[in-house]
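pasting the sequence and the predicted model now:
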Amino acid sequence: MRGIRVAFGPVVANDDVDLQVAAGEIHALLGENGAGKSTLMRVLAGLIVPVAGEVRIDGAVEPLGSPHEAMRLGIGMVHQHFMLVPTLTVAENVCLGLPSTGRFLPDLKAAGRRIRDLASRHSLEIDPDARIADLSVAGRQRVEILKALFRGARILILDEPTAVLTPQETEGLFRILRALAAAGTAIIFISHKLNEVMALTETITVLRQGRVAATLRTADTDARALARLMVGADVRLPTLEDERAAAPHDDGKSNAAARTILAVSGLVCRDADGVARVDGASLEVGAGEIVGLAGVDGNGQQELAEAIVGLRAAEAGRIAISGEDVTRASVARRIALGLAHIPEDRHHTALVEPLAIRDNIALERIGEPPLSRRGWIDRKAVARLAAEVMAAFDIRASGPGQTAGTLSGGNQQKIVLGRALSRDPSLVVAVQPARGLDVGATAFVHRQLLARRAAGAGVLLVSTELDEILALSDRILVVYKGRIVGAMARRDISVERLGLMMAGKAA
Ligand SMILES: Nc1ncnc2c1ncn2[C@@H]1O[C@H](COP(=O)(O)OP(=O)(O)O)[C@@H](O)[C@H]1O
Ligand SMILES: [Mg+2]
């Protein structure tokens, strides 16, 4: 790819990007969220037409902008969100959208034979007759890979493929990719995870703000240098160890004696279809500790957090905050008991995007003094609070009147944090608090959580990013199919055991 330029209105997503990948090579496309990685690969896959630049395959300039052309050229892409039809079988999905061979229906028997053949040749554990809905996420991903190979892919693009996998599943994927590369397939592996890029790839192209920051051989670089290239500056993510070094009294021993801030026992929550999303979960969070709730996305962690903060009804079980039973209490009562909630989805749940920054900050306490008196909002008090929070949480904006929706993701999340944490909460429930943020903003969020811990709050950190859980947690719990299936103190942490628990295997 040479001189690729893509613009979405005023946003230049790719600016004069060059990328060269050889047959049999595993090439990382590394960059922070929003760096332009997916856009560049969507150009290669024929889904976006660039305003400038050319693509050459085997030296020949090829026309751009048609997925069928891309398929003909042997380019296959496994997207971040899989594009399979859950009610159909593997074979039906693989044949879906293929050009007709003249008959009305694709020959599923023949397709099944070819799928079995391809699967065994590339050690992909796949049953062509299985229904997609019955497969694990890792299984669906293998189907996506096979679908690309079935169409003759010689260039295989995977967009952040490990985001949905356990550590063991990630290892399994890496084995598959190494074997494919050894057989001559060019693999482009999109990621923002440095350790994975270091472990898997031979060559790395780093994108930063739509431009190529560097192209390097993996053997000639290290994680630190890559982080600097991604961000443009030195950034270290804070960890619990840093916090302990700064607070010598904190010896990292278990907090068994600490006051219990949150106690959940036997909690059951069902979704609209009557399926138990939380199925008898029990956990405790003590004062001054961060408890990390690890798990593959979709195992009930979201629903569990919603039940704790009062946004989802509990069918059975009990939730207590600082000793008071709040199982049926209002959100307001829970907040009054010291709860702060950092929800997962800032666009839909946490922020009112058309409202000004100051109103978003004041939102939860607009009805209380000093922000309102006898039913009248005191605009001066609101402005004072907003100025305080904006300064303390380093919210960069033209002023408190700027609408929240026009801010960067990092600054939006700082509003959410500022609103929740400036009230000195005793319990913080943080769900994916750094999702989609760049490294600088992620470090800020992590420092804020460590600061609440140091101030004596209990923190429940719900995250599918194992690195985040490992960096910050005093204790780790693992959720699988709505139950807490394992617990581990910081000093006993084993990523291997965590991975087994996340996959529902006893460890
Ligand atoms: N369809 C789109 N419309 C408008 N802006 C987009 C679209 N797709 C991506 N962008 C913007 O382009 C930039 C690069 O996005 P993307 O390629 O998805 O980054 P990455 O995959 O590295 O996270 C971001 O600023 C993003 O908001
Ligand atoms: Mg992307």
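Cool, the structure landed. Ligands and ions are numbered 1, 2, ... in the order given.

any idea how far apart the tips of stretch 192-203 sit?
Stretch 192-203 has an end-to-end distance of 15 Å (criterion: C-alpha to C-alpha, to the nearest Å).

now do stretch 236-244
The first-to-last residue distance of stretch 236-244 comes to 16 Å (C-alpha to C-alpha).

so for it, mean pLDDT?
Stretch 236-244 shows a mean pLDDT of 83.

so what touches it?
Identification of contacts with stretch 236-244 by C-beta atoms under 8 Å, 6 or more residues apart in numbering yields 250-252, 290, 439, 442-443, 446-447, 450, 453-454, 471-474, 490. Using the backbone N, CA and C atoms, a C-beta is placed for each residue, glycine as well.

could you do stretch 34-41 as well?
1, 4, 6, 13-15, 17, 19, 29-31, 48, 77, 80, 157, 159, 188, 190, 207-210, 230, 409, 438.

right, is that stretch up against ligand 1?
Yes. Under the criterion of C-beta under 6 Å from any ligand atom, ligand 1 is reached by stretch 34-41 at Gly34, Ala35, Gly36, Lys37, Ser38, Thr39.

lowest pLDDT pick from those?
Among those, pLDDT bottoms out at Gly34, giving 84.

count of neighbours near it?
Look at Gly34: counted by other C-beta atoms under 10 Å, it has 18 neighbours.

swap in Pro86?
12.

doesn't it lie inside a helix?
No. According to DSSP: H, G, I helix; E, B strand; the rest coil, Pro86 belongs to no helix; its state is coil.

hang on, the earlier thing: the contacts of stretch 236-244 in helices, which ones?
Using DSSP state H, the members of the contacts of stretch 236-244 that fall within helices are Val439, Thr442, Ala443, His446, Arg447, Leu450, Arg453, Ala454, Ala471, Leu472.

you'd agree Ile132 is up against Ala91?
No. Checked against C-beta atoms under 8 Å, the pair Ile132 and Ala91 is beyond contact range at 10.6 Å.

the more surrounded of these two?
Comparing Ile132 with Ala91 by other C-beta under 10 Å, the one with more neighbours is Ala91, at 26 against 18.

any of the contacts of stretch 34-41 buried? List them.
With burial judged by 16 or more other C-beta atoms under 10 Å, the buried subset of these is 1, 4, 6, 13-15, 17, 19, 29-31, 48, 77, 157, 159, 188, 190, 207-208, 210, 230, 409, 438.

in TSV, list the ones in helices among the contacts of stretch 236-244 along with neighbour count, pLDDT and distance to ligand 1.
Converted to TSV, the ones in helices among the contacts of stretch 236-244 look like this (neighbours: other C-beta atoms under 10 Å; pLDDT from 0 to 100; distance: C-beta to the nearest ligand atom, whole Å):
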residue	neighbour count	pLDDT	distance to ligand 1
Val439	20	81	13
Thr442	23	88	14
Ala443	17	90	18
His446	22	95	20
Arg447	13	94	23
Leu450	22	96	26
Arg453	23	96	30
Ala454	13	95	33
Ala471	19	94	22
Leu472	27	96	23
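
farthest pair in the residues you listed?
Val439 and Ala454 (22.3 Å; C-beta to C-beta).

ok, the residue in the stretch 301-450 of the chain that ligand 1 sits nearest to - how many residues close by?
At 8.4 Å from ligand 1, Gly436 is the closest residue in the stretch 301-450 of the chain, using C-beta to the nearest ligand atom. Per other C-beta under 10 Å, the neighbour tally for Gly436 reads 17.

got it, and Asp474?
The burial count for Asp474: 23, using other C-beta under 10 Å.

next one: it from Ala451, what distance?
Asp474 sits 15 Å away from Ala451 when distances are taken as C-beta to C-beta, to the nearest Å.

which intervals of this protein have sub-threshold pLDDT?
In the predicted model, the chain carries pLDDT under 70 at residues 99-106, 248-257, 506-507.

how far away is the residue of it positioned farthest from its centre from Ile366?
Relative to the C-alpha centroid of the chain, counting by C-alpha atoms, centre = their mean, Arg374 is the outermost residue, at 43.9 Å. In this view, Arg374 and Ile366 are 14 Å apart by C-beta to C-beta.

go on, Val21?
Between Val21 and Ile366 the distance is 54 Å, computed by C-beta to C-beta.

the two: who's more crowded?
Neighbours per residue (other C-beta under 10 Å) separate Val21 from Ile366, with Val21 holding more: 18 against 12.

need the residue closest to the centroid of this structure.
The centre of the chain sits closest to Arg435, judged by C-alpha atoms, centre = their mean, with a distance of 5.2 Å.

and the chain, what are its domains?
For the chain, the domain assignment from automatic domain parsing gives the residue ranges 2-231, 240-338+425-502.

could those domains go into CSV alongside distance to Ala362?
Putting the domains of the chain into CSV (distance: least, C-beta to C-beta, whole Å) gives the following:
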stretch, distance to Ala362
domain 2-231, 29
domain 240-338+425-502, 14
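
coming back round to it: OK, contacts around the residue farthest from the centre of the chain?
So Arg374 contacts nothing (C-beta under 8 Å, 6+ apart).

three-state assignment of the nearest residue to Val382 once chain neighbours are set aside?
In space, and not counting its chain neighbours, Val382 is closest to Ala362: 4.8 Å by C-beta to C-beta, 6 or more residues apart in numbering. Under three-state DSSP, the three-state class of Ala362 is helix.

neighbours of Ala362, just the number please.
Other residues within reach of Ala362, judged by other C-beta under 10 Å, total 25.

from here on, count from 43
Right, with 43 as the first residue, what we last looked at is Ala404.

doesn't Ala429 make contact with it?
No. Counting by C-beta under 8 Å, Ala404 does not reach Ala429; the two are 11.6 Å apart.

any idea how far Leu188 lies from ligand 1?
24 Å (C-beta to the nearest ligand atom, to the nearest Å).

my guess is that residue meets Leu166, correct?
Yes. Taking contacts as C-beta under 8 Å, Leu188 lies within contact range of Leu166: 5.6 Å.
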